[in-house]
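*Asks:* return a 3D structure for these sequence lines:
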Amino acid sequence: MLVEEIKILLIEDDEDDAFLVKEYLSDVKNFVCVLDWEANPERGKVKILEGKYDLFLIDFYLGKSTGLSIIDFIQKNQILTPAILLTGRNDAQIDVDASMAGAFDYLVKGDLRPDILERSIRYSIKQSRIIRELDEKEKKYRSLFERSLDCIFLANSDYSMLELNDSFLDFFGYKPSQNSLLHLRDIFANQEDFEYCVEQLKVHEVVKDFEVVLLTKDREPKDCLFNCVFIPDQADDFCCYQGIIRDLTFRKRAEREMMVAEKLSMTGKLARTIAHEIRNPLTNLNLALDNLKEEISDREEDSILYTDIIQRSSNRIETLIGDLLNSSKPKELQLELSSLHRILDDVLELVRDRAKLRGIRIAEELEEELPRIFVDREKLSIALVNILINGIEAIEHAEGLLSVQTELRGSSIFLVIADNGQGIAKEDLKKIFDPFYTSKSEGTGLGLTSTLNILSSHNASIQVSSTVGVGTRFEIEFPLPMH
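*Replies:* Modelled structure (predicted):
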């Protein structure tokens, strides 16, 4: 059976005491002690840093310094090798100080015996190995926590944040010093979503793969996948919840762009089918109507009245077919490098009188010196006018406000048009770009379909959020050309 070898550094300035310790160690039976004695504390520190020892035995009184200063040196250098403090007198305060400093044990020289020394060494090394294993695991999981590309947070039982990893801070725009000031509810765009998560944690102790809109510090909405789990048996001042948040913004954007492309494609096919199926009988109807008019004399006023009604209705159907085709087919753009602000100036001038008549105030918050973008000025103006007029017509109270905001975020220009009108019900929000969908008593319901088509042709994306009784918000993103 192999006997374990223990390498020990003894820092002791008294030669006689050093000799006694060596004798005691030679009588230890369950392991072999290899002792290196150092009388000079400063040289002892150098040897400590070499990292070749399993245990340190340190005298309390070392000339001008004390063993506590050596143990403090060990702690500051994050050395996990155990240290046992030796002293010539039994002093309860020294025992407390040694424990507080980080000593694994405290032995009185006058009480030393081989069995006492052996037991202390065995206990200290065992505890040291446990601490080392925990430290390695802590470093491993700390590395996973800090280097994770996903946002990770730790929160207490009140859902106040205790710790946030760098990805969380970068993604949400917070500083490390703001950890303790942040509450989990602060990052939720909708209070109902936060309450749902709290309820799930209380009942099931887990929230899994919950797709939700979260807010950055600057109140920018982000599509995210939220996971959170309850951690039982934690101290009151430690974490009770661990959460992982994954950014779905780009995936959701790709999904939306795919849906828009499919919607426009289906709309185009539908429009061409309707145009073909309706125009043929409509042409026959117009030919028959022309022949009928030739058979009717000018004195048959009632007949002329009815033929005029038929003619106007026929023309109306032809116009609707043309509008439907124009709203759905890809736009041929005449691109030019333009200032979005100049386009907005022209567009707002077109709708300003209509807003003034309804008592609606237009507020502009435009970021200075935005880069110019390649757009078809005429077609983009049509799209923006459609959105602005929809906003104006949605406001039916005296405190009407239509806000227009531009902002440069990363490599895109964002245009936000918001109103404080009647809002759109959640179930209707997905339909607003569909052909012929409208909540107005008059109108074709093709304006926003055309708007979506124009923006898609510009490689611009549009998102709409709305709350009934509060208002509607259109956010348009114009990606800047890559250099």
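*Asks:* before we go further, V46 is sitting in a helix, right?
*Replies:* Yes - assessed by DSSP: H, G, I helix; E, B strand; the rest coil, V46 belongs to a helix.
*Asks:* so for it, what's the pLDDT?
*Replies:* Confidence at V46, expressed as pLDDT, is 90.
*Asks:* okay, and the beta partners of I84?
*Replies:* Note on I84: beta-bridge partners by DSSP bridges are L57, D105.
*Asks:* state the number of residues packed around it.
*Replies:* I84 has 23 neighbours, counted by other C-beta atoms under 10 Å. To be clear about C-beta, it is placed using only N, CA and C from the backbone, and glycine gets the same treatment.
*Asks:* what's the pLDDT at it?
*Replies:* 87.
*Asks:* same question for L20.
*Replies:* At L20, pLDDT is 88.
*Asks:* A helix includes it, no?
*Replies:* Yes - counting by three-state DSSP, L20 is found in a helix.
*Asks:* how about the contacts made by it?
*Replies:* With contacts defined as C-beta atoms under 8 Å, 6 or more residues apart in numbering, L20 is in contact with K109, L112.
*Asks:* give the buried residues for stretch 153-163.
*Replies:* F153, L154, A155, N156, Y159, M161, L162 (16 or more other C-beta atoms under 10 Å).
*Asks:* hang on, I meant stretch 191-199
*Replies:* D193, F194, C197, V198.
*Asks:* who's in contact with that stretch?
*Replies:* With C-beta under 8 Å, 6+ apart, stretch 191-199 has contacts from Y159, L184, R185, F188, V207, F210, V212, V213, F226, C228.
*Asks:* quick revisit: please produce a markdown table containing the buried residues of stretch 191-199, extended by pLDDT, distance to E220 and secondary structure.
*Replies:* Converted to a markdown table, the buried residues of stretch 191-199 look like this (pLDDT from 0 to 100; distance: C-beta to C-beta, whole Å; DSSP: H, G, I helix; E, B strand; the rest coil):
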| residue | pLDDT | distance to E220 | secondary structure |
| --- | --- | --- | --- |
| D193 | 93 | 16 | helix |
| F194 | 94 | 18 | helix |
| C197 | 94 | 20 | helix |
| V198 | 93 | 24 | helix |
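*Asks:* circling back: just put the buried residues of stretch 153-163 in a markdown table and tack on secondary structure and distance to E15.
*Replies:* Formatted as a markdown table, the buried residues of stretch 153-163 follow (DSSP: H, G, I helix; E, B strand; the rest coil; distance: C-beta to C-beta, whole Å):
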| residue | secondary structure | distance to E15 |
| --- | --- | --- |
| F153 | strand | 57 |
| L154 | strand | 53 |
| A155 | strand | 58 |
| N156 | coil | 55 |
| Y159 | coil | 62 |
| M161 | strand | 57 |
| L162 | strand | 52 |
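*Asks:* could you pull out the helices in the stretch 251-400 of the chain for me?
*Replies:* 301-328, 340-357, 377-393 (DSSP state H, counting those that start in this stretch).
*Asks:* run me through the strand neighbours of the helix or strand just after the shortest one, direction for each.
*Replies:* Using DSSP states H and E, the helix or strand that directly follows helix 377-393 along the chain is strand 401-409. Counting by DSSP bridges, the strands paired with strand 401-409 are strand 361-366 (parallel), strand 412-419 (antiparallel).
*Asks:* now for S339: which residues touch it?
*Replies:* Counting by C-beta under 8 Å, 6+ apart, S339 has contacts L370, R372.
*Asks:* distance check, it against V404.
*Replies:* Separation of S339 from V404 (C-beta to C-beta, to the nearest Å) stands at 15 Å.
*Asks:* over to F226?
*Replies:* 32 Å.
*Asks:* burial check on K293, number of neighbours?
*Replies:* 14.
*Asks:* quick one: it and T307 touch, right?
*Replies:* Yes - counting by C-beta atoms under 8 Å, K293 touches T307, with 5.7 Å between them.
*Asks:* joint contacts of the two?
*Replies:* By C-beta under 8 Å, 6+ apart, no residue touches both K293 and T307.
*Asks:* list the buried residues in stretch 13-23.
*Replies:* Within stretch 13-23, the residues scored as buried using 16+ other C-beta under 10 Å are D13, D17, A18, V21.
*Asks:* quick one: low-confidence residue ranges for the stretch 201-350 of the chain.
*Replies:* 233-239, 254-257, 259-272, 274-277, 297-299, 320, 322-332 (pLDDT under 70).
*Asks:* tell me where it has strands.
*Replies:* 206-215, 221-230, 241-247, 336-338 (DSSP state E, counting those that start in this stretch).
*Asks:* for the last one, packing partners?
*Replies:* Of the remaining helices and strands, those touching strand 336-338 by 3 or more C-beta pairs under 8 Å, 6 or more residues apart in numbering; DSSP states H and E are strand 373-375.
*Asks:* now do 6 Å
*Replies:* For strand 336-338, there is no helix or strand it packs on, judged by 3 or more C-beta pairs under 6 Å, 6 or more residues apart in numbering; DSSP states H and E.
*Asks:* can you list the strands that that strand pairs with?
*Replies:* Assessed with DSSP bridges, strand 336-338 is paired to strand 373-375 (antiparallel).
*Asks:* buried residues in the partner strand?
*Replies:* Buried-residue list, strand 373-375, by 16+ other C-beta under 10 Å: I373, V375.
*Asks:* and it, average pLDDT?
*Replies:* 90.
*Asks:* and the contacts of it?
*Replies:* L335, L337, S338, H458, F478 (C-beta atoms under 6 Å, 6 or more residues apart in numbering).
*Asks:* if we go to 8 Å?
*Replies:* L333, L335, E336, L337, S338, L340, I343, I413, H458, F478, L480, P481.
*Asks:* and C228, what are its bridge partners?
*Replies:* Under the criterion used (DSSP bridges), C228 bridges to V207, G243.
*Asks:* so who does it touch?
*Replies:* Each residue near C228 by C-beta under 8 Å, 6+ apart is listed here: C197, L201, V206, V207, Y241, Q242, G243, I244.
*Asks:* and if you look at E399?
*Replies:* E399 neighbours (C-beta under 8 Å, 6+ apart): N420.
*Asks:* for it, phi and psi?
*Replies:* When read as degrees, to the nearest 10, the backbone of E399 gives phi -100, psi 40.
*Asks:* quick check, pLDDT for it.
*Replies:* Looking at E399, the pLDDT reads 87.
*Asks:* quick one: stretch 286-293 to chain centroid distance?
*Replies:* Distance, stretch centre to chain centre, for stretch 286-293: 65 Å (C-alpha atoms, centre = their mean, to the nearest Å).
*Asks:* what does that stretch contact?
*Replies:* T307, I310, Q311, S314.
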